[in-house]
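**Student:** next one to model:
(4 chains)
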Protein chains: 2
Amino acid sequence: MPTKTQKPAKQLTGAATIYDIAELAGVNPSTVSRALTTPGRISAKTEAKIRAAAKELNYVVNPFARALPTGRTKTIALMMADITNPVFFSVIRGAGEVAAEHGYVLLNAESQESSSDEETILQRVLPTVDAVLLVTTRLPDEDIQRINELKPTVLVNQTVPGVHDVVPDFEPGTTEAIQHLAALGHKNIAFLGGPITSWMGKLRWELFMKAALKEKVSIVEIGPNPPTLQGGNDALDRVLASGVTAVIAYNDLVAIGLLRAAQARGLKVPQDLSIIGIDNIFGSDFTNPALTTIQLPLKQLGRDAITMLLELLDKDREDVPLHRSELKTSLLVRESTGKAKA
Amino acid sequence: MPTKTQKPAKQLTGAATIYDIAELAGVNPSTVSRALTTPGRISAKTEAKIRAAAKELNYVVNPFARALPTGRTKTIALMMADITNPVFFSVIRGAGEVAAEHGYVLLNAESQESSSDEETILQRVLPTVDAVLLVTTRLPDEDIQRINELKPTVLVNQTVPGVHDVVPDFEPGTTEAIQHLAALGHKNIAFLGGPITSWMGKLRWELFMKAALKEKVSIVEIGPNPPTLQGGNDALDRVLASGVTAVIAYNDLVAIGLLRAAQARGLKVPQDLSIIGIDNIFGSDFTNPALTTIQLPLKQLGRDAITMLLELLDKDREDVPLHRSELKTSLLVRESTGKAKA
DNA sequence: CTAGGCTTGGCAACCGATTGACAAAATTTG
DNA sequence: CAAATTTTGTCAATCGGTTGCCAAGCCTAG
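**Tutor:** Residues are numbered from 1 along each chain as shown, chains lettered A, B, ... in the order given. Predicted structure coming up:
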């Protein structure tokens, strides 16, 4: 029976291992592991010695070695349709902050708007992460539910039966927007709808209708439109034909497209036409006039989503409420809205 | 001596392991590993049987288990100062595409403009990745060189002795910008500089000077300025005091800040002042007038950087040239430049 | 001073894949 | 038809941690 259990630790990654620390501190590797991961399990004196050794060797735990026996990787996948869509920036930022605070790392992946790519990527990434955050997925509900069974999953800005989600409360922003326009004397308002399949678009339209009814202004939906600059641009004719004096667009991109098209046509904004966007994306204040828009608490949305995920990771998944929507939207009044034309 | 080496494979992650495949196909686990990773090493018949079993069990290799003995993780870290900076989008997109084509996954990390955070994050992420892409690092040269010794590293838009980099050729865009302004009759041009420490800013300034000399126009540097909207806004007074008729800004953000400040002051762009930005960021065409800017082939930059990294990962590091800068910049003329005021 | 309980640290078995060394089987060659 | 050679598959060690179990050491109490 050989007593020499001390392994050589070949430094494959160039980094120090717990075996190195153990040797330096004169203890067993398992003691090092305990000292570093289970505070209190080891006497304060030994722990201090081990920590000192760890610091001296500049030790960082190898996540792979840890992941193998525990299954926990301290990594969360953040999946979105399009990394370059400015709507996501703040979500990413917020999510990243909270994740970092808790020692997690975010793996940002994008599906490039393709649901088959999204599946492939998730397939590859899933085994390496502890949880999944789906921000704008093109995946069908069943796939989402399947993923949810494999790893804790949270949806942002979308609801699927049985899956946790964080969705802001659109009602305040919606109501404020209609009230704002009504107060400026607008009687006829148009909602420039987005893609026909948009879950969000449907929800927004219903909220606008409800608010319009209450404020006693009339509203019509003009759409569907691609959720892009071009989509807004191409909608101008239909907007003008409708005779409305104010437009609320599916998102800022559409709003800006419309704004530029209107100006190119010689119209003055907001004198001839008031325009409101949704999202308050990066650049929505670059326009002249700066865009009035309904802002979403995107960063906080990202923070809340990760927080929820961490809760799911912590305790039993059962006691975490399925939905969360304390966050409010609100109207950000800038320069693209004004008094209705007489 | 027990002969029962077949391990139970407790399905910790819920996924099938090579042990399951081995059992199903009636071979040894190591044979499965060889069949799947070393084509040719195993007879075609056995390999086919194993592949069939793998497919049946829906097998996906566990990256952690693989990473442990090999050290290869098929993951590349993409480190940048600020994820929400639109300049990076296209770089990320391009890098992500190439990485995916080769079965690699990108880990996007941001330092939030803090070099100490950047160090911490890298420290944590380094052991989990095969290589590092540094896009806008705030790290001192020595740190970069140290990272480069641990893992293959490529810098984008920056040069550090001994480290591989991909930098576009700024000369064409620079020259075109000066020529464009000269052709419009501008004799006095200002360069709104960025942060004083900016490697890139220094380079650009020198190129502008050279081009101005050749075109026989005068150029002055006004700066330093923060590389933000506010920075551009605050520079207006100094610009007006200088008496120039055209400005080239450190980046689009600064240009837009200046543009908006000028308009707020009642100046007409481009009639009273011509403005050129750099980067062609998302939103630079939202302004009115749309911004004339020097565009960088950002997406291709990302693609080239990952390609270089993959080369470094493949063969001996020695035969990959240290620098790469075939990509050209060019001037994108929009509406913010016009004839010089008489 | 000794018995019982609690701490503390060590041993060794794993997690899932890779790989060098070697043996068995298949093939070619003399 | 046996020997030499090549092909094919198995064994077992290993990567760097984690953790159940156990034993030695310590303290307190009777």
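**Student:** tally of neighbours for the residue of the stretch 101-250 of chain A found nearest chain B?
**Tutor:** Chain B sits closest to residue A:108 of the stretch 101-250 of chain A, with a gap of 4.1 Å, by C-beta to the nearest C-beta. Where you see a C-beta, it was placed from the backbone N, CA and C, and this is true even at glycine. If you count neighbours by other C-beta atoms under 10 Å in any protein chain shown, residue A:108 ends up with 26.
**Student:** SS state for it?
**Tutor:** Recorded secondary structure, residue A:108: strand (DSSP: H, G, I helix; E, B strand; the rest coil).
**Student:** for it, which non-adjacent residue is closest in space?
**Tutor:** Of all residues not flanking residue A:108 in the chain, residue B:108 sits nearest, at 4.1 Å (C-beta to C-beta, 6 or more residues apart in numbering or on different chains).
**Student:** and what of residue A:303?
**Tutor:** residue A:94 (4.2 Å).
**Student:** show me what contacts the one residue in the stretch 201-342 of chain A that gets nearest to chain B?
**Tutor:** Nearest to chain B, among the residues of the stretch 201-342 of chain A, is residue A:283, at 2.7 Å (C-beta to the nearest C-beta). Taking C-beta atoms under 8 Å, 6 or more residues apart in numbering or on different chains, we find residue A:283 in contact with A:86, A:252, A:256, B:86, B:282-283, B:286.
**Student:** just the pLDDT for it.
**Tutor:** Predicted confidence (pLDDT) for residue A:283: 92.
**Student:** same deal with the one 5 residues further on?
**Tutor:** Per-residue confidence for residue A:288 comes out at a pLDDT of 89.
**Student:** was I right about it contacting residue B:291?
**Tutor:** No. With contact defined as C-beta atoms under 8 Å, residue A:288 does not reach residue B:291; the gap is 11.6 Å.
**Student:** which of these two has more neighbours?
**Tutor:** residue B:291 (28 against 20).
**Student:** show the contacting residues for the more buried one.
**Tutor:** B:252, B:255-256, B:259, B:275-277, B:284-285, B:334-336.
**Student:** which of the residues you listed count as buried?
**Tutor:** Among those, those buried by neighbour count (16 or more other C-beta atoms under 10 Å in any protein chain shown) are B:252, B:255-256, B:259, B:275-277, B:284-285, B:334, B:336.
**Student:** nearest to residue B:216 among those residues?
**Tutor:** residue B:276 (18.5 Å; C-beta to C-beta).
**Student:** chain neighbours aside, what residue packs nearest to that closest one?
**Tutor:** Distance criterion C-beta to C-beta, 6+ apart; nearest residue to residue B:276, sequence neighbours excluded, is residue B:248 at 4.5 Å.
**Student:** are we agreed that that neighbour is in a strand?
**Tutor:** Yes. The assignment for residue B:248 is a strand, going by three-state DSSP.
**Student:** touching, it and residue B:193? I think so.
**Tutor:** No. In this structure, residue B:248 is not within contact of residue B:193 by C-beta under 8 Å, at 10.0 Å.
**Student:** of these two, which one has the most company?
**Tutor:** Between residue B:248 and residue B:193, counting by other C-beta under 10 Å, residue B:248 is the more crowded of the two (29 against 22).
**Student:** can you pull the contacts of the more buried one?
**Tutor:** B:177, B:181, B:189-192, B:208, B:276-278.
**Student:** these in strands, which ones?
**Tutor:** Judged by DSSP state E, those include B:189-192, B:276-278 as members of strands.
**Student:** residues contacting residue A:121?
**Tutor:** Counted by C-beta under 8 Å, 6+ apart, residue A:121 has contacts A:79, A:109, A:111, B:100, B:105.
**Student:** can you report how many residues neighbour residue A:216?
**Tutor:** Residue neighbour count, defined by other C-beta under 10 Å, stands at 8 for residue A:216.
**Student:** so which bits of the stretch 1-150 of chain A are right by chain B?
**Tutor:** Taking C-beta under 8 Å from any C-beta of the partner chain, the part of the stretch 1-150 of chain A that reaches chain B is made up of A:12-15, A:60, A:62-65, A:67-68, A:71, A:73, A:83-84, A:86, A:89-90, A:92-93, A:96, A:100, A:105-110, A:121, A:123-125, A:127-128, A:150.
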